[in-house]
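> Could you work out the structure for the sequence below:
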Amino acid sequence: MGNSMKFDTILVRYGEIGTKSKTVRSRFERRLVENISERLNASNVSFSSVEARDSRVLVYTSDEKALESLSKVFGIVSFSPATRVECDLDTIASKCVEIACSSNAKTFAIRTQRVFKKFPYTSMDINRIVGQRVVDELGLRVDLENPELEIGIEILSDACYVFMQRIDGLGGLPVSVSGKVVVLLSAGIDSPVAAWLMMKRGCSIIAVHFKQSESEYSKFMEICDVLQEYAYASKIERIVVSYEKRILPVLEKLWNVSRKARKWTCIVCKMMMYRIAEKIARTHNAHAIVTGDSLAQVASQTLENLDAESRAVKINILRPLIGFDKDEIVKLAKKIGTYRISVKKPYTCPYAPKYPETHASLEELSKILEKADLNLLA
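Below is the predicted model:
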């Protein structure tokens, strides 16, 4: 992520945080500052300090590695590598002339945001006065629609910041402001994306993996490493549960009921996973279970089946991908960096029935569980 202008500060903008009450906003700002600092430290970025000021976060650094680091911090809407100058119109204009002079542009535009409203000039005044200086000294032409060079100016209470780039961030909320959730994290494509989306909403995650094979376990650990890059100050706890010891004995009790009972395998398997995840959540003070379910994508994810499976627990079950189609999920997985891991050596569950139940009736499920002597309805 290159930059053609030297900078001494990165001007960080947030969005949703600014809509919160004063107390909540202050808490979220502090967490964002902490998360940015942790991320920069983890990336060995050289910086002097990070502070919140005037609805912005200022990162005092000239290290270009900071730009890549900030691109993985939730809560940031956009950021700009900038030069800090005094809040004096002549000084601001001189800096803009210097920037324009160093470019090969023939047309330009000045865009000003007066964050500190007590500054004696309006944004339009600044655009006009600074723009005129550039025209007079360099002969460039103003083009507000499609300029070859766009110079941004933001006026804060302590200083003015001049920049050429506005880089999109991930948005969302800072990780850990929304509490903990337990994520059922397989090595597939969907659940890592679900985990990432919950982190985007400010959640810390506990990753629970039901181990069926060494290759899947290895992929799970790799996926956690990738997700950790977005978690910085909040360490992702990894809990591995033996499928053979915790799930398989329950399925065997189901299979012993009848051959026909095998069609309930996926539903009973998911119910057991929820039961185990609920206990983990209670132990770790987490408030929800998160899955990668997408409505009607596979047999266990029909509306009826999701309803039946949810009856196993009393805790909230969150499904951030419920309205996504597969293409949308794959696109996000590629963006996050987990897709390449998930598609390595695809694994097929050996216990999945050829013709699974797709429209679970609670009455029939209750009878099957009773015959199998399984107390799985909460």
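> Show the residue spans covered by the helices in this structure.
22-42, 65-70, 89-101, 123-138, 190-200, 214-228, 243-246, 248-255, 265-283, 303-310, 326-336, 339-342, 362-371 (DSSP state H).
> where in the protein is pLDDT low?
1-4 (pLDDT under 70).
> can you list the domains in it?
9-168, 180-371 (automatic domain parsing).
> Do I have it right that residue 300 meets residue 271?
No. With contact defined as CB atoms under 8 Å, residue 300 does not reach residue 271; the gap is 10.2 Å. From N, CA and C alone the C-beta is placed, and that goes for glycine too.
> More neighbours: the two, which one.
residue 271 (24 against 20; other CB atoms under 10 Å).
> Could you report the distance from residue 184 to residue 241?
10 Å (CB to CB, to the nearest Å).
> same deal with residue 151?
The separation that residue 151 has from residue 241, given CB to CB, amounts to 56 Å.
> Quick check on the two: which one has the bigger neighbour count.
Each of residue 151 and residue 241 has its neighbours counted (other CB under 10 Å); residue 151 has more, 25 against 18.
> The more buried one is in contact with residue 161, isn't it?
No. Under the criterion of CB under 8 Å, residue 151 is not in contact with residue 161, lying 11.3 Å apart.
> what's around residue 218, how many residues?
Residue 218 has 14 nearby residues by other CB under 10 Å.
> Same check on the one 10 residues further on?
For residue 228, the neighbour count with other CB under 10 Å is 16.
> My guess is it contacts residue 235. True?
Yes. Between residue 228 and residue 235 a contact is recorded at 7.4 Å, counting by CB under 8 Å.
> chain center to stretch 345-363: distance?
30 Å (CA atoms, centre = their mean, to the nearest Å).
> Just the CA trace of it, in CSV.
Presented in CSV, the C-alpha positions along stretch 345-363 are these (Å, rounded to 0.1, in the frame of the first residue of the first chain):
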residue,chain,number,x,y,z
LYS,A,345,-7.6,-31.1,1.0
PRO,A,346,-11.4,-30.9,1.3
TYR,A,347,-12.9,-33.1,4.0
THR,A,348,-16.2,-35.0,3.8
CYS,A,349,-17.8,-36.1,7.1
PRO,A,350,-17.9,-40.0,6.9
TYR,A,351,-21.0,-40.1,9.2
ALA,A,352,-23.3,-37.9,7.1
PRO,A,353,-26.3,-40.0,5.8
LYS,A,354,-27.0,-40.3,2.1
TYR,A,355,-30.5,-39.0,2.5
PRO,A,356,-30.6,-36.7,5.6
GLU,A,357,-33.7,-35.3,7.2
THR,A,358,-34.4,-31.9,5.7
HIS,A,359,-37.7,-30.9,7.2
ALA,A,360,-37.4,-31.8,10.9
SER,A,361,-40.7,-32.1,12.8
LEU,A,362,-40.2,-31.4,16.5
GLU,A,363,-42.7,-34.1,17.4
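> Please consider this matter closed, and thank you.
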